[in-house]
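Peer 1: pasting a predicted model and its sequence here:
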Amino acid sequence: MFDGNISMKKLVQVTDLKMHFPIFAGVLRRRVGQVKAVDGVSFDIFDGETLGLVGESGCGKSTCGRALLRLFDITSGTVKIDGCNIGESSPEELRRMRPTMQMVFQDPQASLNPRMTVASIIGEPLSEHTDLSKKDRLARIYELMDAVGLNRDFANRYPHEFSGGQRQRIGIARALALNPKFIVCDEPIAALDVSIQAQVVNLLEELQKKMGLTYLFISHDLSMVRHIADRVAVMYLGKIVELAPRDALYSAPLHSYTQALLSAVPEPDPALEAQTERIILQGDVPSPSNPPKGCNFSTRCPRVSDICRQIDPEFKEVQPGHFAACHLLTETKEMTAGSAAATEAT
Amino acid sequence: MPDEAAPVLDVRDLKTVFKTRSGEVHAVNSVSFDVKPGELLGVVGESGSGKSVTMMSLIGLLPMPPAEIRGGQVLFDGVDLLQSDVDALRDIRGARIGMIFQDPMTSLNPVFSIGFQLAEPLRKHMGMSKSAARKRCVELLELVGIPDAESRLNDYPHQFSGGMRQRVMIAIALACDPQVLIADEPTTALDVTIQAQILELVKDLRQKLGMAIVWITHDLGVIAGIADRVIVMYGGQIVEQAPVKELFANPQHPYTRALLETIPSVRGARAQKLRVIEGQPPALGGQPTSCPFRARCTEAFERCGVQNPHRVNVGPDHDAACFWDPASGGPRHV
């Protein structure tokens, strides 16, 4: 599962990260509440691995990715990248850190300046952070274009002259310009067609192998995450509900939400589709400005019990390397005998 | 399951062209297919493959100009929709052919209540009284699984979540008991757990109401779960048509075969490396003189460059537009 180049060194350490956004209302724009977009998540990313972060829209996965690079000022908690506490760094320190951590955005159309040529887009981080001569800079730009599979002849073209997949390659080349260690990929393939998605995913994998990159791969596409990630974290309403090595998560998910989420993915195979037992969740995700009491998933969980509506479950290791936040899991361990008797009775 | 009944919708040789400043774009090129009563026909293809334009053409919803329908026939109950005048079409749309669009937010009017929008087709097409329409509205909302239907009639679209809005759209489309329902990427804007709810609802409604459905999507997973028969579009043409099981078990066109290999699976085996379809979809300027998939095809040979293949029978109720035969690994003799 872990490839040879993944060490056990923790490159990114996130502890109890919270990202709350205030809600202002009324004539005086008084603060009336807050959206708890990310509400206490903790995880590590090992050097050289890909951590997949999945969840439905509004669960806080993008906010989490952006907070990690301190594109937002975090509400509380700590984020350490390569030993440096990002959350408390001064702007100068942060600027020195920027070359090691980069981001690839979802919409290549919106994240590339339409008035800049490809060469100036890819070269911008170089002129900001290095003192390369003009000639060296151009050489580096060509090198990057080769690395992501863009034709050098297109260096003076503008983003609108490229297709979606090629634009995403430009975005990736820009992220690679300063030899980063850690890249947050925020839904990098969501805006692309199926046949182009595979091209971009394979490119990301190749680059990782060649340059020893570490990815946080944010996506709602569970099948693509299964392909690219080494470990996967599942978010629901601002919290990570389960985190496990990829194979363990997909073959034996523990949390009811992960189980429902995986069962909801349609399978491109009618034979497998017919066998799939679908768990259809009722209702919608609650608002993150007014999360339910107790477990966030308690309003939709098919196995909800009284304790779930009262106490928020702790996120802990239930099997080696397999973390989950669910009362039912920790309880069943302690009362296996009791629950077995209960099932017999029903 | 469909049998050999007469089709409710029969599209023959449909051609749609867009006139743009930089020349003509042949968005739909000689597309022919039919929809049988009660069947669910899946239409798959990437963006720009012409799947939405085909459906918009046949119900007369394309702005003309820039669009122009260059030829073909769309027979619905023996009447050619392409020859019908605006009023006749208006009587059919929304009444006998229902439509659901991708984005439930933009296809509902934000300033009218759900009840008003739901009653509109009933009052217009069926001439119902206000009270009768209201009663039917409640029935419809209950049918699509919206709890507390009576009181929600006065709510506005923004008071509903994405999944609930799509349920309202389905209720509107079903209001007049259509014979055919055209659904254009109805679950694409939704999250997977909500998509699962909607798919379950559609399966349930099909059993209850028995209308034919044309379901447009780019998601082969969705198609595998709900369709009876599938057409695959590429570059404005239909490249393959087959019953769903046959298509997934025995794909004939190199595009379909490649497409099935590019998508990773959640439950099946995990591939070490994803198959890639190199290159980009074709620009659709001018009448095609060669196979549109030729430039990206791994099997292409000389003939593909000089002739655009017609659809030929490759199995029972299965046809593909390709000169290459996967069984022999060489050219097909047609």
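Peer 2: Perfect, thanks for sending it.

Peer 1: for the closest residue to residue A:187 other than its chain neighbours, what are its contacts?
Peer 2: Nearest non-adjacent residue to residue A:187, counting by C-beta to C-beta, 6 or more residues apart in numbering or on different chains: residue A:106, 3.9 Å away. Bear in mind the C-beta positions are built from the backbone N, C-alpha and C, glycine included. The contact partners of residue A:106, taken as C-beta atoms under 8 Å, 6 or more residues apart in numbering or on different chains, are A:62, A:186-188, A:190-191.

Peer 1: any idea of the pLDDT on residue A:106?
Peer 2: Residue A:106 is assigned a pLDDT of 84 by the prediction.

Peer 1: distance check, it against residue A:201.
Peer 2: Using C-beta to C-beta, to the nearest Å, one gets 14 Å for the distance from residue A:106 to residue A:201.

Peer 1: can you tell me the SS state at residue 233?
Peer 2: Since no chain was named, I'll use chain A. The three-state label given to residue A:233 by DSSP: H, G, I helix; E, B strand; the rest coil is strand.

Peer 1: that's the other chain; I wanted chain B
Peer 2: From three-state DSSP, the assignment for residue B:233 is strand.

Peer 1: that one and residue B:53 touch, don't they?
Peer 2: No: counting by C-beta atoms under 8 Å, residue B:53 is not a contact partner of residue B:233; they are 9.9 Å apart.

Peer 1: neighbour count winner among the two?
Peer 2: Per other C-beta atoms under 10 Å in any protein chain shown, whichever of residue B:233 and residue B:53 has more neighbours is residue B:233, with 27 against 22.

Peer 1: and the spatially closest residue to the more buried one that is not a sequence neighbour, how far from residue A:194?
Peer 2: Leaving aside its sequence neighbours, residue B:233 sits nearest to residue B:45 (C-beta to C-beta, 6+ apart; 3.5 Å). Per C-beta to C-beta, residue B:45 is found 10 Å from residue A:194.

Peer 1: what do you get for residue B:146?
Peer 2: Applying C-beta to C-beta, the value for residue B:146 to residue A:194 is 32 Å.

Peer 1: for residue A:149, same thing?
Peer 2: Counting by C-beta to C-beta, the gap from residue A:149 to residue A:194 is 18 Å.

Peer 1: neighbour count winner among those two?
Peer 2: Using other C-beta under 10 Å, the more surrounded residue of residue A:149 and residue A:194 is residue A:194, with 20 against 16.

Peer 1: for residue B:243, grab phi and psi.
Peer 2: Note on residue B:243: backbone dihedrals following degrees, to the nearest 10 are phi -60, psi 150.

Peer 1: again but with residue B:259, I slipped
Peer 2: phi -60, psi -40.

Peer 1: wouldn't it be in contact with residue A:193 here?
Peer 2: No: judged on C-beta under 8 Å, residue B:259 makes no contact with residue A:193 at a distance of 10.0 Å.

Peer 1: for residue A:258, helix, strand, or coil?
Peer 2: Going by three-state DSSP: residue A:258 is helix.

Peer 1: now swap in residue A:284 and tell me
Peer 2: Going by three-state DSSP: residue A:284 is coil.

Peer 1: give me the neighbour count for it.
Peer 2: 19.

Peer 1: and the stretch 51-200 of chain A, which of its residues are near chain B?
Peer 2: A:56-57, A:163, A:165, A:193-199 (C-beta under 8 Å from any C-beta of the partner chain).

Peer 1: which two among those residues are spaced furthest apart?
Peer 2: Pairwise distances across these peak at 28.1 Å for A:56 and A:163 (criterion: C-beta to C-beta).

Peer 1: the two: which has the busier surroundings?
Peer 2: residue A:56 (21 against 15).

Peer 1: residues contacting the more buried one?
Peer 2: A:220, A:236, A:261, A:285, B:191-194.

Peer 1: residue A:317 and residue A:323, how far apart?
Peer 2: Distance from residue A:317 to residue A:323, by C-beta to C-beta: 5 Å.

Peer 1: ok, those two, which is more surrounded?
Peer 2: It is residue A:323, of residue A:317 and residue A:323, that has more neighbours when counted by other C-beta under 10 Å, with 20 against 11.

Peer 1: A strand includes the more buried one, no?
Peer 2: Yes: assignment of residue A:323 by three-state DSSP places it within a strand.

Peer 1: and for the spatially closest residue to residue B:251 that is not a sequence neighbour, the neighbour number?
Peer 2: Excluding its sequence neighbours, the residue lying closest to residue B:251 (C-beta to C-beta, 6+ apart) is residue B:257, at 4.7 Å. The criterion is other C-beta under 10 Å. On that basis, residue B:257 has 16 neighbouring residues.
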